[in-house]
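> I'd like to go over a predicted model; first the sequence, then the structure.
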Amino acid sequence: GSCVHDNLPWHPYCATQTGQHFPTALSSLPQEVLQGNNFQTCKSMILLNGDRCVPGQWVLVQSQNPPPLIAQVKEIIQ
C-alpha cells in the first residue's frame, strides 16, 4: 500500500520502535543501510484491500499458514 509520512526526520533502523523490538528483522540489508538515516515513520498507510490504517488500530494479519492473527499496529515505517 501507500504511506503518508509524518514529516519527522528519517532514522536509522535501530532508532525505530520496530528496530528496538525486532533488531534482526532486516538483517539481510547491508549495515550501512540499517545504520544510515534511511527509515521514515508514517502517520498512515493504505492497505492492499483499500482500507486506511493508522498506528493504534487493530488489523487482521493473514499469513501463508493459518490461522490469521489479530495485531495492533504500533508503528509504520518505510
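Sure, I can see it.
> in this protein, which spans are helices?
For the chain, the helices defined by DSSP state H occupy 17-21, 31-35.
> tell me the pLDDT at residue 63?
pLDDT for residue 63: 81.
> burial of the closest residue to it other than its chain neighbours, as a residue count?
Leaving out its chain neighbours, the residue that sits closest to residue 63 by C-beta to C-beta, 6 or more residues apart in numbering is residue 69, at 7.2 Å. The C-beta positions use only the backbone N, C-alpha and C, and glycine is treated the same way. Residue 69: 10 surrounding residues under other C-beta atoms under 10 Å.
> for this structure, what are the low-confidence residue spans?
Counting by pLDDT under 70, the chain contains low-confidence ranges at 1.
> need the strands for it, in chain order.
For the chain, applying DSSP state E gives strands covering 3-5, 42-46, 52-53, 58-61, 69-72.
> distance to residue 11 added to those, as a markdown table?
Putting these into a markdown table (distance: least, C-beta to C-beta, whole Å) gives the following:
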| stretch | distance to residue 11 |
| --- | --- |
| strand 3-5 | 12 |
| strand 42-46 | 12 |
| strand 52-53 | 20 |
| strand 58-61 | 23 |
| strand 69-72 | 21 |
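> out of those, flag the one nearest residue 13.
strand 42-46 (14.8 Å; C-beta to C-beta).
> quick check: beta-bridge partners of the residue nearest to residue 63?
residue 61 (DSSP bridges).
> quick revisit: hey, which of the helices of the chain is tucked in deepest?
helix 17-21 (a mean of 14; mean count of other C-beta atoms under 10 Å).
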